[in-house]
Structures are given as C-alpha cells and as structure tokens.
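Below is the structure, and that's it, no one-letter string:
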C-alpha cells in the first residue's frame with residue numbers, strides 16, 4: 001500500500017504541517033519581567049507533567065521576546081483558555097501587541113492573572129532545559145482554580161472550540 005504511509009523526509013514545513021493536525025488546547029502563560037512589567041505568551045505546547053507533585057510543562061522559542069523572563073523566572077501563571085477567549089488568544093499570539101493594555105487582568109501574588117479563565121495555575125518554576133530552538137519550562141502548581149466551560153481548541157492553525165463537541169475524523 002504505497003502513498004499515504006510512505007516515509008517523507010522531515011522538513012520544517014512538513015513537520016509544522018503534520019503537527020497542525022494535532023488537536024490541542026490553548027493557554028496563556030504569564031510572568032513578571034525583571035522590570036516589574038507583566039509579560040505573557042500564547043502556548044499550544046502545554047502538558048501535564050506530573051501528578052505528584054502536580055506539575056505542568058510548556059515550551060518557548062528562543063526567539064521570543066519573553067524567552068529570558070520565562071527561563072529565569074521563579075514563578076509563572078498558566079491560564080487555560082475557554083471557548084469565549086479567542087480574542088485573548090489572538091492578542092497573545094501577536095508579537096507586536098501590547099498584550100495587557102486592553103485586557104482585564106490583575107496582579108495576584110506577584111503574577112499577572114487574566115480575568116475569568118476556566119483554569120488558572122500559579123506555578124513555581126521547577127526546571128528548565130533547552131532543546132533545539134526552544135526551552136522546556138516545568139512548573140509545580142502552587143495553587144489553582146478550575147471552573148466549568150468549553151475549551152478553546154486549536155486545530156489546523158485555527159481556533160475552533162466546536163471541535164471539542166464534534167466527532168472529528170483526523
């Protein structure tokens with residue numbers, strides 16, 4: 001059976017296209033910069049890491065303006081976005097936007113906290129390791145809140161929370 005299952009050479013474009021077919025949730029990760037200003041980024045590379053202790057991990061590209069902040073900070077916050085947060089996702093995906101200007105947020109325990117995400121984790125950075133053009137950041141969860149709601153889902157480079165309810169064939 002030739003064709004769809006043939007091995008292709010791995011290129012940047014073939015890899016990113018293949019990974020765009022992986023359905024994932026979206027999160028905004030925030031921290032306080034050394035200057036005292038808030039910073040944040042949109043991530044689709046978030047995963048639970050451990051249940052004992054409760055931990056998450058995310059990756060950040062070394063070309064991101066907030067790279068140094070996230071690989072050196074002692075604490076950060078993770079906001080799992082709900083279906084109603086597409087505008088927030090787009091704001092944090094845009095590297096040229098002042099992300100916190102027109103956004104409902106507050107300082108909580110020294111961390112920038114977005115208003116009303118379905119899930120919020122305050123984390124202590126437990127480890128960081130570089131790999132390729134990214135670093136993986138691990139955080140132990142210090143406190144959290146979780147509320148009901150549909151997730152914001154990312155698939156084929158599009159935000160579409162309805163995929164969470166549909167039977168999708170990939």
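Right, received. Where do you want to start? If you're wondering where the values come from, they're calculated on a predicted model, not measured in any experiment.

Next one: residue 71 relative to residue 51, how far apart?
To residue 51, residue 71 is 24 Å away according to C-beta to C-beta, to the nearest Å. Placement of C-beta: from N, CA and C, glycine included.

Oh, that last question was meant for residue 82, not what I typed.
23 Å.

Same drill for these two, tell me which one is more crowded.
Neighbours were counted for residue 82 and for residue 51 using other C-beta atoms under 10 Å; residue 82 has more, 21 against 7.

and the more buried one, what is it in contact with?
The contact partners of residue 82, taken as C-beta atoms under 8 Å, 6 or more residues apart in numbering, are 117, 118, 149, 150, 151, 152, 161.

Mind putting these into TSV with distance to residue 78, secondary structure and pLDDT?
TSV is the format used below for these (distance: C-beta to C-beta, whole Å; DSSP: H, G, I helix; E, B strand; the rest coil; pLDDT from 0 to 100):
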residue	distance to residue 78	secondary structure	pLDDT
117	9	coil	88
118	12	coil	91
149	16	coil	83
150	18	coil	82
151	13	strand	82
152	14	coil	83
161	19	helix	48
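
and the residues you listed, which are buried?
Applying 16 or more other C-beta atoms under 10 Å to the contacts of residue 82, the neighbour count classes 117, 118, 149, 151, 152, 161 as buried.

Rebuild these as TSV, extending it with distance to residue 140.
Shown next, in TSV, are the buried ones among the contacts of residue 82 (distance: C-beta to C-beta, whole Å):
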residue	distance to residue 140
117	19
118	21
149	25
151	23
152	25
161	29
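
Mind telling me the two of the residues you listed farthest from one another?
Using C-beta to C-beta, the two most remote members of the buried ones among the contacts of residue 82 are 117 and 161, lying 13.8 Å apart.

Distance-wise, check the residue nearest to residue 32 when sequence neighbours are not counted relative to residue 131.
Leaving aside its sequence neighbours, residue 32 sits nearest to residue 110 (C-beta to C-beta, 6 or more residues apart in numbering; 5.8 Å). Distance, residue 110 to residue 131, using C-beta to C-beta: 28 Å.

can you count the residues close to the residue nearest to residue 32?
Other residues lying near residue 110 total 12 when counted by other C-beta under 10 Å.

try residue 33
Close neighbours of residue 33, defined as other C-beta under 10 Å, add up to 15.
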